[in-house]
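Student: what would the 3D arrangement of this be:
(2 chains)
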There are 2 protein chains.
Amino acid sequence: MTAWEKRYATRARGMVASEIRELLKLLDQPDIISFAGGIPDPALFPVPAIESAHRRILSDPARAAVALQYSPSEGYRPLRQWIADYMTTLGAPCTGEQILITSGSQQALDFIAKLFIGAGDTVLVARPTYLGALQAMSAYEPVYAPLPRRGDNQRRSLPPSAGRFALAYVMPSFANPTGTSLDIADRAALLEATAALDVPVVEDAAYEALRYDGAPRPALIALDAARTGGIDEGHVLYCGTFSKTVVPGLRLGWVAAPLPVIRRLVLIKQASDLHTPTLSQMVMHEVVQEVLPAHVAPIRAAYRARRDAMLKALAAEMPAGVEWTKPEGGMFVWVTLPAHIDAAALLRRAISDARVAFVPGRAFHADGTGANTLRLSFSRADEAMIGEGIARLAALLRATSSNPP
Amino acid sequence: MTAWEKRYATRARGMVASEIRELLKLLDQPDIISFAGGIPDPALFPVPAIESAHRRILSDPARAAVALQYSPSEGYRPLRQWIADYMTTLGAPCTGEQILITSGSQQALDFIAKLFIGAGDTVLVARPTYLGALQAMSAYEPVYAPLPRRGDNQRRSLPPSAGRFALAYVMPSFANPTGTSLDIADRAALLEATAALDVPVVEDAAYEALRYDGAPRPALIALDAARTGGIDEGHVLYCGTFSKTVVPGLRLGWVAAPLPVIRRLVLIKQASDLHTPTLSQMVMHEVVQEVLPAHVAPIRAAYRARRDAMLKALAAEMPAGVEWTKPEGGMFVWVTLPAHIDAAALLRRAISDARVAFVPGRAFHADGTGANTLRLSFSRADEAMIGEGIARLAALLRATSSNPP
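Tutor: Numbering: from 1, shown residues only, chains lettered A, B, ... in the order given. Here you go, the predicted structure:
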């Protein structure tokens, strides 16, 4: 332990996630086919709308002075109102006062964790679940237990040491990393179980707009508002983002939640970074009015074709004993390998020998299991590259099965 | 206590700072002369340079794709290098690897607090000190003790219960809220005392570039690097910002610190908001090359004239028993009233009767003292308004002395 390490308050607050960081660096190597990053295709960014919004705002002296000045921690009022109207169309009627603008929905997860999680509290998560949520929450030192599932006896399924329940975290639609969704009965059961435990539910809706087939399912916050009479009466904190439907680089997301929660989160936002950049909020407000919801159609069409290409290649190429999910939306297919194959070891050979990348699944498991799982993203590669990449990965798996590392 | 309040992990993490928030709202009332906000004058923003940088980047498809995409948590490499070169000119030679880009220096304070402060640890601060630093640090539940001063016997001056020393926080130049600076001997003594206590020093340099007269003084990180051989060998974490020299609304600041600290802060940044917006970092990199350091000269000239107007008005108008600082830079004058006058009560009358605003001083004191102090900012009002506002405040004080509230 170095002199600096002795000074840190906790190991968790500086937790290591080097695996993913190293993988992201691979994206710059042009001969690697990467299914690793869960990142949008920049060819789908509405650049002209973003460029012209910046120009309009910055060439108007009065608007430029507002755009470049300090601004309220809760966010730019017209954007909050636009989001409230959007939430209302989802079936969760609310006002701008029930919206906090955050620097991406990742920041919403951090602030919610900061408000609700004390060291040793129990957080309920799916296994596997979004790595970034585990990173955000682990800084506040919870223990993790499984999210209640339909038919569970929840108390029986929890560890006997489980203390105060701080939060339940769930991605009900096209989850990262599995691509799977909760059906309506699952959603109702989750709301009922968490209400019985008196634990707030964090609904991470990052991929919600990216549905490629099947009927839309109501957001948890909408179901809960219908059940209780309104989002202020419910127990769901909804985290949304513009990263998948517009662009991620402006770092704009939001929380829709009961007013008392929003008021506390605003104070946390103020103490943490004062506010999200004013200019990007003003730009986003102009851009969403101009391009949404129409702009989502070409995004859906592009990713649907890539999902189809990936599922087709997996079916054609993968050896027996390999299983995978068939997502109705999002960016990910989740692969389960035969139990004896370690995906982290496979990744090293995949990069050095096959020039194809993915994310090993263990990092998405709060309990350290999942060594034989991996996540494939189909968002960045075109259909031909997807076919080629899956063929390379399947060939490596066939070689690995006959010649284990 | 409401049902929601019972669910929060700590009261501190949602601490109330409503006083300042309410004050900021007053800035919109045109007949109030506000000395409250410590915010820059937007007339001094380099809007054309910012507008043209946005246009250049967004009209180039390859650069736009990078600007609007996810990017590394540590920040945009060319901007990190520019900052490293700037730090080197300050006498603290470093590389881009020793720089983390943050969403304003407020975020740097939050992340440093998150890494170093455990509940019950001792943080050393000046009294008064920057309210935003107290807000950021208080989320992690430290106790506060006075920053060592030259000639102190530090151990003796600390409360007997003081536990582990987590951090010392200091604004050595033109501090918020006092406007005062440490001289070179004070700086050397602070470094020596904190090194002896083995406590890292957070140097908040927010106002450093805004010197109006007197000779420049070396940054703590530069003195420490000279003493120890380099910033990696030292114990200073330097927080810088573009908010005062360019614009605050893009929310861009940085930490310069020993490499092991930066590596941990990068992981905290990743877990908290992934990264600072890519586009604003690219824009700032172009803007600083175009406008700095030349653009600081007109900013200094404007604020120097306002400081002079405020000091002149205070000398001409204030009744006996009122004292104030004479800052060589920054944005603030700190006023000490006769002991029997409560500045928070005075503010209510100042707003309702005199239509002039300031920030009462108690919020800047970690120990709840300072009721008879207040902060005046001279950054936003022109000289005539400053003269008028101080005259109104002085008249109110004369009336208050003869007729206490």
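Student: C-alpha only now, for contacts and for neighbours.
Tutor: OK.
Student: so does stretch A:229-242 get close to chain B?
Tutor: No. Judged by C-alpha under 8 Å from any C-alpha of the partner chain, stretch A:229-242 makes no contact with chain B; its nearest approach is 9.2 Å.
Student: who's in contact with that stretch?
Tutor: A:92-94, A:104-105, A:108-109, A:195, A:199-206, A:220-222, A:224-225, A:228, A:248, A:251-259 (C-alpha atoms under 8 Å, 6 or more residues apart in numbering or on different chains).
Student: now, which of the residues you listed lie within strands?
Tutor: With strands taken from DSSP state E, the overlap with the contacts of stretch A:229-242 comprises A:201, A:202, A:203, A:204, A:253, A:254, A:255, A:256.
Student: and the fourth one, what is it in contact with?
Tutor: Shown in contact with residue A:204 (C-alpha under 8 Å, 6+ apart): A:169, A:170, A:171, A:172, A:238, A:239, A:240.
Student: could you flag which of the contacts of stretch A:229-242 are buried?
Tutor: Among those, the ones that count as buried by 16 or more other C-alpha atoms under 10 Å in any protein chain shown are A:92-94, A:104-105, A:108-109, A:195, A:199-206, A:220-222, A:224-225, A:248, A:251-259.
Student: helix or strand for residue A:280, which one?
Tutor: Residue A:280 belongs to helix A:278-291 when assigned by DSSP states H and E.
Student: buried ones in that helix?
Tutor: By neighbour count on 16+ other C-alpha under 10 Å, the buried set for helix A:278-291 is A:278, A:279, A:280, A:281, A:282, A:283, A:284, A:285, A:286, A:287, A:288.
Student: for the fourth one, which residues are in contact?
Tutor: Residues in contact with residue A:281 (C-alpha under 8 Å, 6+ apart) are A:75, A:76, A:79, A:252.
Student: closest one to chain B out of those residues, please.
Tutor: If you rank the contacts of residue A:281 by distance to chain B using C-alpha to the nearest C-alpha, residue A:252 comes first, at 9.0 Å.
Student: so how many other residues sit close to residue A:188?
Tutor: 16 (other C-alpha atoms under 10 Å in any protein chain shown).
Student: how close does it get to chain B?
Tutor: 22 Å (C-alpha to the nearest C-alpha, to the nearest Å).
Student: that residue against residue A:223, yeah?
Tutor: Yes. Applying C-alpha atoms under 8 Å, one finds residue A:188 in contact with residue A:223, separated by 7.5 Å.
Student: what segments of the stretch 1-150 of chain A are helices?
Tutor: Counting by DSSP state H, counting those that start in this stretch, the stretch 1-150 of chain A has helices at residues A:3-7, A:18-26, A:47-58, A:61-67, A:77-89, A:105-116, A:131-138.
Student: buried deepest among those, which one?
Tutor: Most buried of these by mean neighbour count (mean count of other C-alpha atoms under 10 Å in any protein chain shown) is helix A:105-116; its value is a mean of 26.
Student: was I right to think residue A:219 contacts residue A:89?
Tutor: No. Judged on C-alpha under 8 Å, residue A:219 makes no contact with residue A:89 at a distance of 10.8 Å.
Student: confidence score at the closest residue to chain B within the stretch 101-250 of chain A?
Tutor: In the stretch 101-250 of chain A, the residue that lies nearest chain B is residue A:249 (4.0 Å; C-alpha to the nearest C-alpha). pLDDT, residue A:249: 96.
Student: phi, psi of it?
Tutor: Residue A:249 adopts backbone torsions of phi -70, psi -20, taken as degrees, to the nearest 10.
Student: quick check: mean pLDDT of stretch A:67-74?
Tutor: Here stretch A:67-74 scores 95 as its mean pLDDT.
Student: ok, and what's touching that stretch?
Tutor: Residues contacting stretch A:67-74 (C-alpha under 8 Å, 6+ apart): A:57-58, A:99-101, A:266-267, A:269-270, A:274-279, A:282, B:39-40, B:42, B:45, B:247-250.
Student: which residues of the stretch 51-200 of chain A lie near chain B?
Tutor: A:51, A:54-55, A:58-59, A:64-65, A:67-71, A:103-107, A:109-110, A:114-118, A:132-133, A:135-136, A:166.
Student: if we can go back for a sec, report the two of the ones in strands among the contacts of stretch A:229-242 separated the most.
Tutor: For these, the farthest-apart pair by C-alpha to C-alpha is A:201 and A:253; their separation is 17.7 Å.
Student: and the helices in the stretch 251-400 of chain A, which stretches?
Tutor: A:259-273, A:278-291, A:296-317, A:343-349, A:383-402.
Student: tell me which of those sits nearest to residue B:396.
Tutor: helix A:259-273 (32.0 Å).
Student: from the stretch 301-405 of chain A, which residue is nearest to chain B?
Tutor: Closest contact between the stretch 301-405 of chain A and chain B, by C-alpha to the nearest C-alpha, is at residue A:380 (12.0 Å).
Student: correct me if wrong: that residue contacts residue A:36.
Tutor: No. Using C-alpha under 8 Å, residue A:380 is not in contact with residue A:36, being 9.3 Å away.
Student: now for residue A:294, how many residues are close by?
Tutor: Count around residue A:294 with other C-alpha under 10 Å applied: 10.
Student: can you put the contacts of residue A:204 in CSV and add secondary structure, neighbour count and pLDDT?
Tutor: Converted to CSV, the contacts of residue A:204 look like this (DSSP: H, G, I helix; E, B strand; the rest coil; neighbours: other C-alpha atoms under 10 Å in any protein chain shown; pLDDT from 0 to 100):
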residue, secondary structure, neighbour count, pLDDT
A:169, strand, 24, 98
A:170, strand, 23, 98
A:171, coil, 25, 98
A:172, coil, 25, 98
A:238, strand, 27, 98
A:239, strand, 27, 98
A:240, strand, 26, 98
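Student: I'd like those as CSV, with distance to residue B:397 appended.
Tutor: CSV is the format used below for the contacts of residue A:204 (distance: C-alpha to C-alpha, whole Å):
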residue, distance to residue B:397
A:169, 55
A:170, 57
A:171, 58
A:172, 60
A:238, 49
A:239, 49
A:240, 50
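Student: nearest to residue B:336, out of these: which one, please.
Tutor: Closest approach to residue B:336 among the contacts of residue A:204 (C-alpha to C-alpha): residue A:239, at 45.6 Å.
Student: for the closest one, list each beta-bridge partner.
Tutor: Beta-bridge partners recorded for residue A:239 (DSSP bridges): residue A:204, residue A:255.
Student: distance check, it against residue A:314.
Tutor: Distance, residue A:239 to residue A:314, by C-alpha to C-alpha, to the nearest Å: 32 Å.
Student: then residue A:138?
Tutor: 34 Å.
Student: also residue A:288?
Tutor: In terms of C-alpha to C-alpha, residue A:288 sits 36 Å off from residue A:314.
Student: one more: residue A:109?
Tutor: In terms of C-alpha to C-alpha, residue A:109 sits 33 Å off from residue A:314.
Student: cool, and residue A:254?
Tutor: 36 Å.
Student: the helix holding residue A:280 vs helix A:77-89, what angle?
Tutor: Angle between the axes of helix A:278-291 and helix A:77-89 is 40 degrees (criterion: axes from the mean of the first three to the mean of the last three C-alpha atoms, to 10 degrees).
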